[in-house]
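Asker: Provided below for reference: sequence and predicted model.
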Amino acid sequence: MGHRTGKYFFSQLDLEYDPTLLVCFEGLLETDHPYNFAAPQCAKEMLTANGAEQKVTAILTKLVNPLRMAFSSNDPKIFQEALEIGSLV
């Protein structure tokens, strides 16, 4: 299976990180398709986009709780996604 990415109809540079990235972090706990793919993939793409550092820094305190909840999950897939995304923050 190849690398899948989201298809955007707008520039990622114009995307509002608050609340979009926060919703993606909250979605890390989802186990149903397509949410279990969309939330982590969107979060990864947003965290690695050009100019993301300044936008993420501005909302970092809001991202801590959903990320902590994902780390606390008993589901190994959710925990793994949280580790990958946490390493990008």
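Answerer: Here it is on my side, so go on. Numbers count the residues shown, from 1 in each chain.
Asker: tell me where the chain has helices.
Answerer: Using DSSP state H, the helices of the chain run over residues 17-26, 35-48, 52-71, 76-88.
Asker: let me have those in a markdown table, extended by mean pLDDT.
Answerer: Listed next are the helices of the chain as a markdown table, based on pLDDT from 0 to 100:
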| stretch | mean pLDDT |
| --- | --- |
| helix 17-26 | 94 |
| helix 35-48 | 93 |
| helix 52-71 | 96 |
| helix 76-88 | 96 |
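Asker: nearest spatial neighbour of the residue nearest in space to the middle of the chain, skipping sequence neighbours?
Answerer: The centre of the chain sits closest to residue 43, judged by C-alpha atoms, centre = their mean, with a distance of 2.2 Å. Among residues not flanking residue 43 along the chain, residue 24 sits closest, at 4.0 Å (C-beta to C-beta, 6 or more residues apart in numbering). Where C-beta positions appear, they are placed from N, C-alpha and C, glycine not excepted.
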